[in-house]
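In: Need coordinates for the below:
(one chain, ligands or ions: 2)
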Amino acid sequence: MKITVLSGGVGGARFLRGLRHHLRHVHPDGNGGTTDSITAVVNTGDDMWLTGLRISPDLDSIMYTLAGANDEERGWGRIGESERVSAELRAYGVGWPWFTLGDLDLGTHITRSHYLRSGLPLSEATARIAARWDLGLRLLPATDDEVETRVVIDDEGSTLHFQEWWTRHRASLPARAFLQQNVEAATPAPGVLEAIAEADLVLVAPSNPVVSIGTILGIPGIRHAVTTASAPVVGVSPVIGGAVVRGMADACLEAIGVATAADAVALHYGSRATGGVLDGWLVGGEDAAAVPVVLAAGIRAAAVPLWMRDLDTSAAIAREAIALALP
Ligand code: GDP
Ligand code: CA
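Out: Ligands and ions are numbered 1, 2, ... in the order given. Coordinates of the predicted model:
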C-alpha cells in the first residue's frame, strides 16, 4: 500500500513514527512490510536563511524523530546536543539570539546549505541528507521554492517571519493573517503531485492546520491534487477536547477565524464531496460529540484516543486512520 502523508514538524513526526511502526510491526503486509511505502510531503513555510545557512525545521523534526536521534524530553532538536557554536555566534552578534542552533543540528544545516549552494534543489538535498539515516519513508519538501510564511501583526501590514513570531514572541502578538511569500510563482517539488495522485491512501497528520497543512495546500497545484486524488483522504485532529495538544496552534486558528475544536478544524478542511480535502476525520475520545457534526458535513468520522504518548498509541492512531479510510 502506498501512503502519502501531509505533515508539519513535531506532530507530524510523531504520527509518521506511529504509522511506520504500524506498517512494519503491527500490521505488516506479509512481506515484512516491504511493499508498503510512506511518502511524507512536508511543510517548508517555516524555513529560513540564518547566519548563511538554510534551516528547514519541519523536515529536520521528522528526520531526527524517525531516525531516533531526536531529543524526546525537550520536544525538538537532537539528543545529546550542545550549543558551543551558537554561543560563538551570539558573541559575534550574528543570527537571532533567541534562536539557538545546536552544534549537531548545525551539521545538518551546513550540509543542506552546501548542497543548495552547489545548485541542487531542496528536494534533492533532502534526499541526500535523509539517506544517512534509516527513516523507512520518503521525505519530500512540499516545494523546492523559498515560500516563507510571514505573519501580519498590525493594521499597517507589518510582518514578521513565522519563526520570529512563533519562537521569539511565543505567538503572543495577535496575528492578523499569514502570508506565503512568493507563493504564486511556486511549484510543488518533483514527486509531490505524483505521490498524492498515485497513493492508495492520503493522510493528513495531526499537524498545525494553518501554518503546516494550510501552507502545504497553499502551494499551487497541491490542494487540487488532494481534492482530485483517487485515494481516500483521512485526517487526524490536532485539537483534542478543545485544546491543541502541544504548542500554540490555537493562536493560528484564531487568526483565521476557526475555533479550536475538532469539528471546526474538520469543517475548515471541508469535505471532498464539496471541494474540500477530507473524506474522513479522526477526533479524540473526548470529542465524541463532534462526530455527528463532522458526519453532517459529509465527512466520515470516528472518535478514538488521539494522544500520541508513545509508539503504541501513535501506531493505534495510524491503524484507526487506515480503518476509517479503507473499511
Ligand atoms: P510543528 O511544525 O512542530 O508545529 O508541528 P506540526 O505542525 O506537525 O504539529 C503541531 C500540532 O501537533 C500541534 O498543534 C498539536 O495540536 C498537534 N499534536 C501534538 N501532539 C499531539 C498528540 O499527541 N495528539 C494529537 N492528536 N495532536 C498532537
Ligand atoms: Ca513547523
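
In: Find me the pLDDT at the closest residue to residue 60 other than its chain neighbours, would you?
Out: Among residues not flanking residue 60 along the chain, residue 108 sits closest, at 5.9 Å (C-beta to C-beta, 6 or more residues apart in numbering). Using the backbone N, CA and C atoms, a C-beta is placed for each residue, glycine as well. Confidence at residue 108, expressed as pLDDT, is 98.

In: Count the neighbours of whichever residue of the stretch 1-150 of the chain sits closest to ligand 2 for me.
Out: Closest residue of the stretch 1-150 of the chain to ligand 2, C-beta to the ion: residue 9 (3.9 Å). For residue 9, the count of nearby residues is 25 (other C-beta atoms under 10 Å).

In: Can you give me every residue that contacts it?
Out: 43, 46, 57, 58, 61, 62, 76, 207, 212 (C-beta atoms under 8 Å, 6 or more residues apart in numbering).

In: returning to what we had before: now the residue nearest to residue 60: how far from residue 168?
Out: To residue 168, residue 108 is 22 Å away according to C-beta to C-beta, to the nearest Å.

In: For ligand 1, tell me which of the contacts of residue 9 show up nearby.
Out: 58, 61, 207, 212 (C-beta under 6 Å from any ligand atom).

In: before we move on, the earlier item: of the contacts of residue 9, which is the most crowded?
Out: Busiest of the contacts of residue 9 [other C-beta under 10 Å] is residue 43, holding 33 neighbours.

In: so who does that one touch?
Out: Counted by C-beta under 8 Å, 6+ apart, residue 43 has contacts 7, 8, 9, 12, 58, 142, 207, 211, 212, 213, 215, 216.

In: what's the answer for residue 201, then?
Out: 1, 2, 3, 4, 231, 232, 234, 322, 325, 326.

In: list the contacts for the residue lying closest to residue 82 once chain neighbours are set aside?
Out: Closest residue to residue 82 in three dimensions, ignoring its sequence neighbours and counting by C-beta to C-beta, 6+ apart: residue 103, at 4.8 Å. Residue 103 makes contacts with 81, 82, 83, 84, 85, 86, as judged by C-beta under 8 Å, 6+ apart.

In: of those residues, buried ones?
Out: Among the contacts of residue 103, the ones that count as buried by 16 or more other C-beta atoms under 10 Å are 81, 83, 85, 86.

In: any idea how far the second one lies from residue 90?
Out: Translated: residue 83. 9 Å.

In: same deal with the first one?
Out: When distances are taken as C-beta to C-beta, residue 81 and residue 90 turn out to be 16 Å apart.

In: when you check the contacts of residue 43 against the strands, which ones overlap?
Out: residue 7 (DSSP state E).

In: from the contacts of residue 43, which is closest to residue 199?
Out: Set against residue 199, the nearest of the contacts of residue 43 by C-beta to C-beta is residue 7 (13.7 Å).

In: Does that closest one touch residue 206 like I think?
Out: No. Between residue 7 and residue 206 there is no contact under C-beta atoms under 8 Å: 9.4 Å.

In: Next, show the common contact partners of the two.
Out: In contact with both residue 7 and residue 206: residue 15, using C-beta under 8 Å, 6+ apart.

In: Which single residue of the stretch 51-200 of the chain approaches ligand 1 most closely?
Out: Here the stretch 51-200 of the chain gets closest to ligand 1 at one residue, residue 58, 4.9 Å apart by C-beta to the nearest ligand atom.

In: would you turn the buried ones among the contacts of residue 103 into CSV with pLDDT?
Out: Shown next, in CSV, are those (pLDDT from 0 to 100):
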residue, pLDDT
81, 97
83, 96
85, 97
86, 95
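
In: out of these, which one sits closest to residue 316?
Out: Looking across these and measuring by C-beta to C-beta, the closest to residue 316 is residue 81, at 30.3 Å.

In: Tell me which of residue 108 and residue 168 has more neighbours.
Out: residue 108 (22 against 16).

In: Quick one: residues contacting the more buried one.
Out: Counted by C-beta under 8 Å, 6+ apart, residue 108 has contacts 60, 63, 129.

In: can you check residue 100 too?
Out: 83, 86.

In: For residue 318, see how far away it is.
Out: Residue 100 is 32 Å from residue 318, by C-beta to C-beta.

In: Also residue 299?
Out: 19 Å.

In: next one: residue 239
Out: Distance from residue 239 to residue 318, by C-beta to C-beta: 18 Å.

In: How about residue 309?
Out: Taking C-beta to C-beta, one finds residue 309 at 14 Å from residue 318.

In: Looking at these two, which is more packed in?
Out: Between residue 309 and residue 318, counted using other C-beta under 10 Å, the more crowded position is residue 318 (27 against 9).

In: Report pLDDT for the residue of the stretch 51-200 of the chain closest to ligand 1.
Out: 98.

In: Assess the claim that residue 111 and residue 130 are in contact.
Out: No. With contact defined as C-beta under 8 Å, residue 111 does not reach residue 130; the gap is 11.0 Å.

In: Same drill for these two, tell me which one is more crowded.
Out: residue 130 (19 against 16).

In: Alongside ligand 2, which residues does the stretch 51-200 of the chain contribute?
Out: residue 58 (C-beta under 5 Å from the ion).
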